[in-house]
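>>> Give the three-dimensional model of this entry:
(one chain, ligands or ions: 1)
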Amino acid sequence: MHADLWLLADLPPYSPDLYCRIKYHQFLSIITIYPVRFILIQVYYVIKLQKGDHINTIIQVALDLLEIDRAIQIAREAVQGGANWIEAGTPLIKSEGMNAVRQLKKEFPDHAILADMKIADTGAFEVEMAAKAGADIVMLLGNADDSTVKDAVRSARKYGVKLMADLIIVEDPVTRAQELEKMGIDYINMHAGIDQQMTGKDPTPLLERIVKVVNIPVAAAGGLDAITSAQATKAGASIVIVGGNITQSDDVTESAKKIRESVDAIEIPEFKRQTLEQETRKLLSEVSTPNISDAMHRKGAMKNIHSMVADKKMVGTAVTVQTFEGDWAKSVEAIEVAGEGDVIVIYNGSHHIAPWGGLATLSCLNKGIAGIVIDGAVRDIDEIRRIGLPVFATSNVPNAGDPKGFGEINATINCGSQVVNPGDYIVGDDNGVVVIEKERAYEIARRAKEVEKNEKRLYEEIKRGSTLSEVLKLKKWEKM
Ligand SMILES: O=C(CO)[C@H](O)[C@H](O)COP(=O)(O)O
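Numbering: from 1, shown residues only. Prediction:
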């Protein structure tokens, strides 16, 4: 059955009464003229929403991948979990062209296929191209020129496809949504793009305002997961577009199922957003230092600094100390300056004389300090290991220096060949230590989480018997 896109009718699983009402509606829509049908459908929606019912939300899985065969496999698993519409993501279309749409339509004839072309120009031509490849819905950029939008609408009507407008970089989304509806767009997509999400942008806040001013279905997209998809539904979204939290999951079907259950739940839990700092710390505690280094394009790793206490994870904000060979006065004074969740980062300049030991480490434990990093040596390694606080250094030795007091606290220092400023995020694990400049901490934490999700997915595929070069298609993507 070809999904009736307007009625969002391709909604398995749905309750029998809703099924009958939608079938009745489809019958009505066949026999009524458009305005009458339009009014009836509005009445239908108002009655359902008045009763507090949820209109079964469409889950659109966004296949932002590079390989069509992997995309098809992931789409299959997502549909098993309850995804309804299948999106050929922009990266997939840029990588595989219209063949991606053709293959998806061939594999999933009973599911609406959306081509996320993000059309900015030559609307008619690109809509025609996608329609002929089998797309049911085509995405254009909401801030494309009106002439492009209007010509895309003419082409969409001619080829029997629907149009969705992506508000990703629109200055005034509420006004633009109304203009786009007037020009004949079928769906509005309130979207926080992947890069925008890394800076904390969230599509939900504007959703309610847009749903109020347009009569066409509104989609939400941008880092959605089970909780935020439900919030988007509560804010009035009829379609939730989910990419990474399904496609990069190590269990795609389960992830899609969680989103299906969450958006269909009658009671949607209140979702209290954490502060940016809380979310940053939480994300950094979930990822590894290799994930973070990858998220920074292989940057940020400290050289020759190793964990002195095995199997310890450390996340904190830097209190920096500049000292000189073995001089431990400023290092110990820094314990009084640092607070809960800080990391004391020391440049000592020698690998043979320790400015740090067991007593200082115990003092840090008392203050809730997250850990210590020294470009230099430590001593009392047995005591430090018993205390269990994360300590990273270049070496451990038996001898210490004297408390002369040279140097300073909270100046810019160099540690492990990395520049460290007070307040920068410091993350350590058994791989080593990375430093993240505080201004980019949230963005890097989000990007590192994407790296981690992607690696988990690759791990899953290799576990099924593939190899790294196969899943990465190394030969195909080697730099020409
Ligand atoms: O259009 C997109 C990016 O430009 C993505 O498809 C959209 O953001 C959904 O993916 P995710 O849930 O990973 O954000």
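>>> contacts and neighbour counts: CA atoms only from here.
OK.
>>> before we move on, which element is the closest residue to the ligand within the stretch 351-480 of the chain in?
In the stretch 351-480 of the chain, the residue that lies nearest the ligand is Glu450 (8.7 Å; Cα to the nearest ligand atom). Assigned by DSSP states H and E, Glu450 falls within helix 441-463.
>>> surely Ile113 meets Trp85?
Yes: counting by Cα atoms under 8 Å, Trp85 is a contact partner of Ile113 at 6.0 Å.
>>> contacts for the helix holding Glu450?
Identification of contacts with helix 441-463 by Cα atoms under 8 Å, 6 or more residues apart in numbering yields 197-200, 244, 248-250, 276-277, 279-280, 283-284, 286-288, 291-296, 424-425, 436, 468, 471.
>>> go on, stretch 127-141?
98-99, 101-102, 105, 112-120, 123, 149, 152, 155-156, 159-168.
>>> Stretch 366-378 too?
By Cα under 8 Å, 6+ apart, the surrounding residues in contact with stretch 366-378 are 305, 314-316, 335, 338-357, 364, 389-397, 415-416.
>>> and it, how far from the chain's centre?
32 Å (Cα atoms, centre = their mean, to the nearest Å).
>>> export that stretch as PDB, just CAs?
What follows is stretch 366-378, C-alpha atoms only, in PDB (Å, rounded to 0.1, in the frame of the first residue of the first chain):
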ATOM      1  CA  ASN A 366      39.500  15.400  50.900                       C
ATOM      2  CA  LYS A 367      38.600  18.400  48.600                       C
ATOM      3  CA  GLY A 368      36.800  16.500  45.900                       C
ATOM      4  CA  ILE A 369      39.500  17.400  43.400                       C
ATOM      5  CA  ALA A 370      39.000  15.200  40.200                       C
ATOM      6  CA  GLY A 371      42.700  14.400  39.700                       C
ATOM      7  CA  ILE A 372      46.200  15.600  39.000                       C
ATOM      8  CA  VAL A 373      48.300  15.800  35.800                       C
ATOM      9  CA  ILE A 374      52.000  16.500  36.000                       C
ATOM     10  CA  ASP A 375      54.500  17.200  33.300                       C
ATOM     11  CA  GLY A 376      57.000  15.700  35.600                       C
ATOM     12  CA  ALA A 377      57.500  13.000  38.200                       C
ATOM     13  CA  VAL A 378      55.500  11.800  41.200                       C
END
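>>> who touches whatever residue of the stretch 1-150 of the chain ends up closest to the ligand in this structure?
The stretch 1-150 of the chain approaches the ligand most closely through Ala62 (4.7 Å), counting by Cα to the nearest ligand atom. Contact analysis of Ala62 by Cα under 8 Å, 6+ apart lists 86-89, 241-244, 247.
>>> Over to Val378: give its phi and psi.
phi -120, psi 160 (degrees, to the nearest 10).
>>> so of the contacts of Ala62, which ones are in strands?
86-88, 241-242 (DSSP state E).
>>> Among the residues you listed, which one has the most neighbours?
Ala88 (33 neighbours; other Cα atoms under 10 Å).
>>> Remind me which helix or strand the residue nearest to that residue when sequence neighbours are not counted belongs to.
Closest residue to Ala88 apart from its sequence neighbours, by Cα to Cα, 6 or more residues apart in numbering: Ala115 at 5.0 Å. Taking DSSP H and E as the definition, Ala115 sits inside strand 113-119.
>>> Which other helices and strands does that strand contact?
When contacts are defined as 3 or more Cα pairs under 8 Å, 6 or more residues apart in numbering; DSSP states H and E, strand 113-119 sits against strand 85-88, helix 90-96, helix 99-107, helix 123-133, strand 137-141.
>>> Any stretches of the protein with poor pLDDT?
1-23, 25-26, 28-34, 37-38, 41-42, 44-55, 266-271, 480 (pLDDT under 70).
>>> What residues does it have near the ligand?
62, 64, 89, 193-194, 221-224, 241-244 (Cα under 6 Å from any ligand atom).
>>> quick one: Gly405 is in a strand?
No: Gly405 is assigned coil when assessed by DSSP: H, G, I helix; E, B strand; the rest coil, not a strand.
>>> What's the local residue count around it?
Counted with other Cα under 10 Å, the neighbours of Gly405 add up to 15.
>>> That one and Trp328 touch, don't they?
Yes: between Gly405 and Trp328 there is a contact under Cα under 8 Å: 7.3 Å.
>>> And the helices in the stretch 251-400 of the chain, which stretches?
Along the stretch 251-400 of the chain, counting by DSSP state H, counting those that start in this stretch, helices occupy 252-264, 276-286, 289-295, 329-337, 358-367, 381-387.
>>> OK, contacts around the closest residue to Asp186 other than its chain neighbours?
Spatial nearest neighbour of Asp186, excluding adjacent residues (Cα to Cα, 6+ apart): Leu163 at 5.3 Å. Residues near Leu163 by Cα under 8 Å, 6+ apart: 137-140, 153, 156, 185-187.
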